[in-house]
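1. What follows is a predicted protein model with its sequence.
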Number of protein chains: 2
Amino acid sequence: MINAIQQLQAHVEKICSFRIDNASLIEPFFEHRVYKKKELLLTEGHRCFEKFFIVKGCVQLCYLKENGTEQTIDFAIENWWISDFMAFPTGGIAQFSIRAVETTEVLCITADHQQRLLKQVPEMDGYFHIIFQRSYAATQMRIRYLYEFSKEELYLNFLQRFPFFTQRVPQYLLASFLGFTPEYLSELRKKLLS
Amino acid sequence: MINAIQQLQAHVEKICSFRIDNASLIEPFFEHRVYKKKELLLTEGHRCFEKFFIVKGCVQLCYLKENGTEQTIDFAIENWWISDFMAFPTGGIAQFSIRAVETTEVLCITADHQQRLLKQVPEMDGYFHIIFQRSYAATQMRIRYLYEFSKEELYLNFLQRFPFFTQRVPQYLLASFLGFTPEYLSELRKKLLS
């Protein structure tokens, strides 16, 4: 737990130059958990009470399509925050699931604990302001890519921006994230390698 | 200007229950502007130094595609914030333009002024934390819709969620936002009316 909190402290300092002098200021608000590969952190259709800081590992944000297949909307790795942020503030019904892609260690905080944390350490609002501003900006760029790029360009752009992902994430998940079938991605990779 | 600041004060209080007792606490950091219909608030390829709170009116966030046509990525109306949030924090090169869809009154703040505002009224970080969390969550839902819905469903879903938009926004912009050609939207509307 101590190492995980230190990692969060370091991230806060990096993002907004605010130094949390004492780990014990924030530690009581978080719960430390380890999820096994494929284990669910959040289940679509259930209430969402928590958000997660990824200490180590990788998770996917996804939902079930009408036809029963799973669509991946996003990934999160070390030092990223993830939740169903529509549902989290009020404990509403999650429209997404979050699942561990590999063994994943997180710090988890409830909306209620977060409110108390923000009262005690209001500088954390500045940290989350920047975190969400970045996430929003990145997601707007992603919408631009979805409109602008061909399937092949989407894949090449993703490889260029997140080269480490292709090592960590199974190909069928990467295909789902890009909106491809696994077969299409496999053909595309062959084509690009030849 | 005073009415505009009061509107922002009311919005801050509504979003995060924080009461800015005196308008003069925040007013010096903002500039009040009115843009004519079709005037640019931000130009793609130029540096982005400002973000905008829409007091009255409507703007589009867009970029030029390779083929010279304009793709609309987003709209903003009363009480929404808009900028190129990737570029804004550092005054980087904008990858989007922002254009007034109708006569539009805004409060505008530079990144530099915002830093000073946040030092003086740190509770505003709490306000922006919630604003960006919502924007991020809404954009993630939009990516879900883009994957999940047929073109017809995208249109019906948009009508249901933003009925007032179709009255305010020209059809060719709505078509662009939905990723349609104007002709396709026109045919779809005829089909749904018949």
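-> Received, thanks. Residues are numbered from 1 along each chain as shown, chains lettered A, B, ... in the order given.
2. Would you map out the domains in chain A?
-> A:2-148, A:149-194 (automatic domain parsing).
3. Skipping its backbone neighbours, what lies nearest A:Phe149 in space?
-> A:Asn157 (6.1 Å; C-beta to C-beta, 6 or more residues apart in numbering or on different chains). (C-beta placed from N, C-alpha, C; glycine too.)
4. Quick one: mean pLDDT over the helix or strand encompassing the one you found.
-> Using DSSP states H and E, the element containing A:Asn157 is helix A:151-161. Averaging pLDDT along helix A:151-161 gives 91.
5. So which elements touch it?
-> Packing contacts for helix A:151-161, counted by 3 or more C-beta pairs under 8 Å, 6 or more residues apart in numbering or on different chains; DSSP states H and E, involve helix A:123-148, helix A:171-178, helix A:182-193.
6. Try it again at 10 Å.
-> Applying 3 or more C-beta pairs under 10 Å, 6 or more residues apart in numbering or on different chains; DSSP states H and E, we find helix A:151-161 packed against helix A:123-148, helix A:165-168, helix A:171-178, helix A:182-193.
7. Is the shortest one positioned near chain B?
-> No - residues of helix A:165-168 are not located near chain B by C-beta under 10 Å from any C-beta of the partner chain, the shortest gap being 17.0 Å.
8. Name the residues that touch that helix?
-> A:57-58, A:75, A:77, A:101-102, A:155, A:158-159, A:162, A:173-174, A:177, A:189 (C-beta atoms under 10 Å, 6 or more residues apart in numbering or on different chains).
9. tell me which residues in it are buried?
-> For helix A:165-168, the neighbour count (16 or more other C-beta atoms under 10 Å in any protein chain shown) marks A:Phe165 as buried.
10. middle-most residue in chain A, spatially?
-> Against the mean C-alpha coordinate of chain A, by C-alpha atoms, centre = their mean, the closest residue is A:Ala76 at 2.9 Å.
11. And the residue nearest to A:Val101 when sequence neighbours are not counted, its phi and psi?
-> Nearest non-adjacent residue to A:Val101, counting by C-beta to C-beta, 6+ apart: A:Cys58, 4.3 Å away. Here the main-chain torsion angles of A:Cys58 (degrees, to the nearest 10) amount to phi -160, psi 130.
12. Show me what A:Cys58 is bridged to.
-> Here A:Cys58 sits in beta bridges with A:Ile77, going by DSSP bridges.
13. what's the burial count for it?
-> The number of residues packed near A:Cys58 is 21, by other C-beta atoms under 10 Å in any protein chain shown.
14. Isn't it up against A:Val169?
-> Yes - judged on C-beta atoms under 10 Å, A:Cys58 makes contact with A:Val169 at a distance of 6.8 Å.
15. Spit out the residues that contact those two alike.
-> A:75, A:77, A:101-102.
16. Among the residues you listed, which are located in strands?
-> The subset of those located in strands under the criterion DSSP state E comprises A:75, A:77.
17. what are the pairing partners of the helix or strand hosting A:Ile98, and which direction each?
-> Per DSSP H and E: A:Ile98 is located in strand A:97-100. Strand A:97-100 has its sheet partners listed here by DSSP bridges as strand A:40-42 (antiparallel), strand A:58-64 (antiparallel).
18. Show me what that strand is in contact with.
-> Contacts of strand A:97-100 (C-beta under 10 Å, 6+ apart): A:34-46, A:48, A:50-52, A:54, A:57-64, A:70, A:72, A:74, A:76, A:82-84, A:104, A:106, A:173.
19. ChimeraX command to pick out the buried ones of those?
-> A single ChimeraX command is used to select the members of these judged buried by 16+ other C-beta under 10 Å:
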select /A:35,41,42,44,48,50,51,52,54,57,58,59,60,61,62,63,72,74,76,82,83,84,104,106,173
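20. about what we covered before: and the helices and strands packed on helix A:151-161, which one is worst for confidence?
-> Comparing mean pLDDT across the helices and strands packed on helix A:151-161, the weakest is helix A:165-168, with a mean of 84.
21. can I get the CA coordinates of it in PDB?
-> C-alpha atoms of helix A:165-168 as PDB (Å, rounded to 0.1, in the frame of the first residue of the first chain):
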ATOM      1  CA  PHE A 165       0.200  -1.300 -26.000                       C
ATOM      2  CA  THR A 166       0.600  -3.800 -28.700                       C
ATOM      3  CA  GLN A 167       3.000  -5.700 -26.500                       C
ATOM      4  CA  ARG A 168       0.600  -5.800 -23.600                       C
END
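22. roughly how far is that helix from the heart of the chain?
-> 15 Å (C-alpha atoms, centre = their mean, to the nearest Å).
23. same question, stretch A:30-39
-> That offset, for stretch A:30-39, works out to 14 Å (C-alpha atoms, centre = their mean).
24. Likewise for stretch A:112-127?
-> Taking C-alpha atoms, centre = their mean, the mean C-alpha location of stretch A:112-127 is offset from the chain mean by 20 Å.
25. can you pull the contacts of the closest residue to A:Glu153 other than its chain neighbours?
-> Excluding its sequence neighbours, the residue lying closest to A:Glu153 (C-beta to C-beta, 6+ apart) is A:Tyr145, at 8.0 Å. By C-beta under 10 Å, 6+ apart, the contact set of A:Tyr145 is A:153-154, A:157-158, A:161.
26. make it 8 Å
-> A:153-154, A:157 (C-beta atoms under 8 Å, 6 or more residues apart in numbering or on different chains).
27. Kindly reformat the residues you listed as CSV and extend each row with neighbour count.
-> Putting the contacts of A:Tyr145 into CSV (neighbours: other C-beta atoms under 10 Å in any protein chain shown) gives the following:
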residue, neighbour count
A:Glu153, 11
A:Leu154, 19
A:Asn157, 16
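28. quick one: which of those residues is nearest B:Ala94?
-> Set against B:Ala94, the nearest of the contacts of A:Tyr145 by C-beta to C-beta is A:Asn157 (19.2 Å).
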